[in-house]
Structure formats: C-alpha cells, structure tokens
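Colleague: Whatever this is, show me its structure:
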Amino acid sequence: MQRVIYFLMIFTCTYADYPALKALLSEKGLRGVSQMMSVRIQSKLKTSAIPEVRGRVDIGIGTVDYTLSNMQVVQCSMPDPSLVFVEGTGVSVEVSQLGLGITGSWRTKFGIIHDSGSFGLAVYNIKIDTLLQSGDDAGRLSISSVSCSADVGGVDIQFHGGASFIFQPFVRHFRGQISGMIREQICPAIQQAISELERNLQEIPVNIPVDQFIYLSVPLTSSPAVTGQSFELDIKGEFYSRSSPSEPPFSASAFEVQYADNYMLSVAASEFFMNSAAYAFLRSGVLQINIRDDMIPKSSPIHLNTSQFGAFIPQLRTLYPNMEMQVLLYASETPLFSFSSGVIDIHVPAAAKFSAVKPDGTLVPLFTLDVDCSFNGSAQIEKNLTGAFEMKNLTLTLGSSEIGDFKTDSLKKMLVLAVKMFVLPKLNAALKIGFPLPALPGFSLINSQLLVKTGFVAIFTDVKDSLTGL
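Modeller: Reported below is the predicted structural model:
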C-alpha cells in the first residue's frame, strides 16, 4: 500500500488556490491494488518473524507451561482482500478465509518434566475487517485506522519429538488459548503496520529535485476526496527555480477530470503545471544558448558571418567585413503552453542578440532581434510519449541596433526557413522516438491513453506490478 500510495503522489508544494495535478484511483484500480496486496501480504508473511507464544493450560492432572518459538509461516492461502471505497472516509479492507501453515519449536514444563520438540500449526478461516481513513497532514497524505476487528476460525496443532505423544491428546486444551492469542495480536499488528506506513508517508519529500536547475513542489492542496467510485488526490504541482524561487506572474485555474472506470489510474496536469516549469527554467537562466558558426552544419546554406548577413544588412560588410558572428538566443518572457481539444499550443517570446567576433575573441554588439513565434501540435502514447509540432506563426522586429536601422523582412524569411528546415525536423524526430512514461520503480504503466482537453492533459492508464506480474 505504501508503494501504491507513493506512486499516486509521484505521478501527481506554498499551497496554490487550485491544484495543477490530479491523480484518481478507480474501482478497477482498487481491485488491482487488492490483487497486488494479496501476493505481497503472502510474501511478507513468509518472511516475517513471529513472536513466541507462552502460556499454561490445566490438563486435569496438573498444569503444563508451554512455549512456542522459532515460528515461521511455511504456507499461506489467501483470496484477494475486498477493498471498497467509503465515501468521505477512505477504504474498507476485508480479508477472509486467510489460512496459515506454521512450523516451530515447542518446550513444555510439567512439574519436574521438561521436554521439547517441533510442531506444525494450522490456523484457518482468519477474518480481518479494518477501515482506513485518509487525510491531509500539512500537505502530506496521512493514513489512520478507524476501526479493526479480527476473528480466527480454528487452530490445529501437531506436536513432534520428545514426549509429544503424551501432550498430543490434550491439544484441544491448547487450541482455544492459541486461537485467542493469535486473534488478540492481529489488530495491534495491523495498527503497527499502519503507523509505520504513516511515518513513511510523512518522510516523503514535498519538494522533489528535477535537475540541477528546478524542483517540483507536490504537497496536497486539500484532503483526499473519496467517493463510492474513486479516490482523488489534488496536488499543487508547481515548479520552482532552485537558485531563484518565486511565484510566476500567473496562477493555476480550476479544472475537473473524470476518472475512467475502465482504467486503473487517471493522472491530469493543467496548463499551469507546464507553464510553471517554463517560468522556473526562465528564472534559472537556462532558456538561452550561444550559437556559434562552428555549431552549424557545413552543408547549411546559412552561416554566421558578416559577409553572408551583409546581403540582408549592407552596413555589416562595411563596418565589420569578413568577421564571424555569434548569436545569444534567449527567451525574453516565459514560454506559455495552452491546451485545447486535441491540440497543444506553445507561444515563445524570444530575442536574438547578434555580435561580431574579433580575432582575439572579443564580442562587438551589433543588433538585437525580437522574435515572437508560436507552434501547435499533438501528443499521444504509443510505447512512449510521442508527439509532433509545426510552426503556426512567427514575427520578427528590430529591438535595438548599434549599426543603424535596417529592414528585417529578409531575415524573417531566412529564420522561418531555418526553423522549418532544421529546428522542427530535429525536434519532431526526437518526439517521434518519444519519452518513457514516468513510473515508480517496481511498477510500469500499460494500456495507456493520452487525451488533450481544454485547459489540461490527462493520462488514463493501467498499472503493472513487476513483483507480482499483476
């Protein structure tokens, strides 16, 4: 359960008015969690240490003190637990017909007689009912147990070795005590497990480093919303610059996504999620690049030198003949994403600062061009997250100039040609290969579908547990 809950929080931080990320678990997802739990619980039981049991029983001719130790679960039969959403609370968990086969060592003291040997213990028809309540603890998911009840259908024990043939006829006297002891330990053990889970949840960081420049802030913006059909986490989902964190000049907007009952998990990200990342990168100073002529393929018809640019700006040939040029290309404002039905739009305000390069490497400022371009495209999930974009519009104006005024029409045509011939083909080639979908180690996303809606993008998916294969 810890890994499943952490998985939900990873896919989905100052609190925002509205969340930028939502994660919804459907009833199908809850059934998947139930199947995963069944396999994992059985695996856990077989590796768990069982505390020794001490007691005494009156067998009519005296009192026998006994100790059962070195116990290990060697067999476990368990149908999938029944998990049901409880509206406004959390999840009801019911385990029934759990059967255990346990081996161990026994020691007895009957008067002056001390004896020991091995035993086989069968515990059958164990039933557990517990109600888990979910909440919000300072932005972190919290889990607590509202109620717990347990029952043990029966116990059978076979003694081996020592004088076991003497004690075996009196097993009926042991059964009730052992059954009661097991029953009394179940709910405290569950509470201990939930407390451990709660501690682990509180240790999950709400600020997740993405790279050396930005981090993602992911606290809950409200308590989990539990209906009779789904479990929803609303998460802030805002990126910040690690060197200069600040709030962007725009805010998150409300959006609603319906869970898909034919998928286990639904994850949705709003425009704010993407735009806050762009703003964080802008604040970090990484949305810029110095372009030199040696970075341009020799086969390109466009090169950075004053001779070639002199065809568009005549004074360059006169003022700075036969000199290489360098361009500082940077985002002048935050690139903004917008989502509409099936379409992703990107608006990129940028500037290009051109300089001449002297033989000693000194830069001579020439002029700055303001570039405003927009792209639209689509995204889908095949094996990876893939997409394709095309240029929708591009405008170019002279921002400033140290070499006098000049017209930019020819430069605009050259820039449009460069974007269409070199930038977009490389971008789309990378997007065609795509990017793996993020997932928590030990899990993978299968049967995934991506939908672009107005204001947000959503992924509907099933989840596969690599340990259980479910």
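Colleague: For the rest of this, base every contact and every neighbour count on C-alpha atoms.
Modeller: Noted.
Colleague: max-length helix in the protein?
Modeller: The longest helix of the chain (DSSP state H) is helix 171-203.
Colleague: Give me the helices and strands touching it, please.
Modeller: For helix 171-203, the packing partners by 3 or more C-alpha pairs under 8 Å, 6 or more residues apart in numbering; DSSP states H and E come out as helix 2-11, strand 53-58, strand 140-160.
Colleague: Quick one: mean pLDDT for that helix?
Modeller: Averaging pLDDT along helix 171-203 yields 81.
Colleague: Enumerate the positions of it that are buried.
Modeller: Of the residues in helix 171-203, 174-175, 178-179, 182-183, 186-187, 191, 194-195, 197-198, 201-202 count as buried by neighbour count, 16 or more other C-alpha atoms under 10 Å.
Colleague: Stretch 100-110 too?
Modeller: Quick answer for stretch 100-110 (16+ other C-alpha under 10 Å): Leu100, Gly101, Ile102, Thr103, Gly104, Ser105, Trp106, Arg107, Thr108.
Colleague: Output those in TSV, with pLDDT, secondary structure and distance to Phe312 appended to each entry.
Modeller: Output for the buried residues of stretch 100-110, formatted as TSV (pLDDT from 0 to 100; DSSP: H, G, I helix; E, B strand; the rest coil; distance: C-alpha to C-alpha, whole Å):
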residue	pLDDT	secondary structure	distance to Phe312
Leu100	89	strand	84
Gly101	90	strand	86
Ile102	89	strand	87
Thr103	91	strand	89
Gly104	90	strand	90
Ser105	91	strand	93
Trp106	84	strand	96
Arg107	87	strand	99
Thr108	83	strand	102
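Colleague: just to revisit the earlier point, quick one, which of the helices and strands packed on helix 171-203 is nearest to Ser378?
Modeller: Closest to Ser378 of the helices and strands packed on helix 171-203, according to C-alpha to C-alpha: helix 2-11, at 21.2 Å.
Colleague: What pairs with the following helix or strand past the closest one, parallel or antiparallel?
Modeller: Sequence order places strand 21-26 as the next helix or strand after helix 2-11, per DSSP states H and E. Strand pairing for strand 21-26, using DSSP bridges, gives strand 230-235 (antiparallel), strand 265-270 (antiparallel).
Colleague: Which residues does the last one contact?
Modeller: What it means is strand 265-270. If you take C-alpha atoms under 8 Å, 6 or more residues apart in numbering as the criterion, strand 265-270 is touched by 11-12, 20-26, 29, 252-253, 255, 257, 259-260, 455-463.
Colleague: which of the residues you listed are buried?
Modeller: Among the contacts of strand 265-270, the ones that count as buried by 16+ other C-alpha under 10 Å are 11-12, 20-26, 29, 252, 255, 257, 259-260, 455-463.
Colleague: before we move on, back to that, which among the buried residues of stretch 100-110 gets closest to Asn322?
Modeller: Out of the buried residues of stretch 100-110, the member with the shortest distance to Asn322 (by C-alpha to C-alpha) is Leu100, at 86.1 Å.
Colleague: you'd agree that closest one is up against Gln72?
Modeller: No: Leu100 is beyond contact range of Gln72, at 9.9 Å (criterion: C-alpha atoms under 8 Å).
Colleague: Format the helices and strands packed on helix 171-203 as TSV; extra columns: distance to Gly237 and mean pLDDT.
Modeller: Converted to TSV, these look like this (distance: least, C-alpha to C-alpha, whole Å; pLDDT from 0 to 100):
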stretch	distance to Gly237	mean pLDDT
helix 2-11	10	49
strand 53-58	49	78
strand 140-160	13	89
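Colleague: Quick one, which of the ones you listed gets closest to Lys420.
Modeller: Taking C-alpha to C-alpha, helix 2-11 is the member of these nearest to Lys420, at 34.3 Å.
Colleague: got any ranges where the stretch 201-350 of the chain has weak pLDDT?
Modeller: Nowhere does the stretch 201-350 of the chain drop to pLDDT under 70.
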